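In: only the shape, not the letters, is given here:
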Ligand code: SAM
């Protein structure tokens, strides 16, 4: 039974980190006049209302996007997607990763999104109706295994689990390796939390051993609430595009300046 719902956490510091790197990478990919594929294994609902009860209850966006946004240059792809979403849906709207992808990609590109939670899946389908995205109510890793290597072969995968099932820390390196074997040219990105418990450590050690050339980028921030165990956000990216490491270093400075 899935209980995690991202609308309690949308726009928090981890979302800013993940979505800024995602928007930059997708923007890089669409510069080339060749079609691409975007696959996401854990899509969420695609669009969030930072003024809804759930978001206000946790107040996580107030520690994330609200303080960090102005540090991004106005022409940063993440700022541009924020502007696009607010223009279309109102000032409190916040884009999830599927909407960042849908608003960046072109008609010639292909989008595949898995979301297992029935309610979230239904809302995702509503939010994405205007885009020609393929939406699946199934396990994201199984979907990725079935689709890879995708057509077109150029493109990226985002894996953004909620880590509700603790066994995911063990299974993710294996799942990631299987996908990488099938899609050796894909940009494969995994988001993970930095936890006070250090539970993410063995998973990262296994990933780093399997993918020594991957980009591992982490930012640290104060917990969004007193009892919160997440003290930072990480992205592990296999086949990172040219320039992403330099861009990630800028994001490090941006978070440090607000820390
Ligand atoms: N990637 C989204 C974003 O940045 O906007 C947020 C995704 S949220 C962290 C994780 C989502 O994965 C939740 O909506 C949850 O219902 C869904 N989920 C959990 N286990 C899943 C699975 N095995 N396959 C697909 N979706 C799953």
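Out: That came in fine, so what should we check first? Note that the coordinates shown come from a computational prediction; the quantities given were computed from them, not determined experimentally.

In: C-alpha from now on. contacts and neighbour counts both.
Out: Fine.

In: quick one, helices of the stretch 1-150 of the chain?
Out: Per DSSP state H, counting those that start in this stretch, the stretch 1-150 of the chain carries helices over the ranges 13-30, 53-58, 60-63, 65-68, 77-89, 97-104, 118-127, 140-147.

In: need the ones you listed in JSON lines (columns: mean pLDDT).
Out: Converted to JSON lines, the helices of the stretch 1-150 of the chain look like this (pLDDT from 0 to 100):
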{"stretch": "helix 13-30", "mean pLDDT": "98"}
{"stretch": "helix 53-58", "mean pLDDT": "88"}
{"stretch": "helix 60-63", "mean pLDDT": "90"}
{"stretch": "helix 65-68", "mean pLDDT": "93"}
{"stretch": "helix 77-89", "mean pLDDT": "97"}
{"stretch": "helix 97-104", "mean pLDDT": "98"}
{"stretch": "helix 118-127", "mean pLDDT": "97"}
{"stretch": "helix 140-147", "mean pLDDT": "97"}
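
In: would CSV of the ones you listed with mean neighbour count and distance to the ligand be doable?
Out: Shown next, in CSV, are the helices of the stretch 1-150 of the chain (neighbours: other CA atoms under 10 Å; distance: least, CA to the nearest ligand atom, whole Å):
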stretch, mean neighbour count, distance to the ligand
helix 13-30, 21, 6
helix 53-58, 16, 14
helix 60-63, 21, 13
helix 65-68, 17, 13
helix 77-89, 17, 13
helix 97-104, 22, 4
helix 118-127, 16, 6
helix 140-147, 18, 4
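
In: using TSV, lay out those helices together with distance to residue 38.
Out: TSV is the format used below for the helices of the stretch 1-150 of the chain (distance: least, CA to CA, whole Å):
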stretch	distance to residue 38
helix 13-30	9
helix 53-58	27
helix 60-63	26
helix 65-68	24
helix 77-89	17
helix 97-104	7
helix 118-127	16
helix 140-147	11
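
In: good, we can wrap up now.
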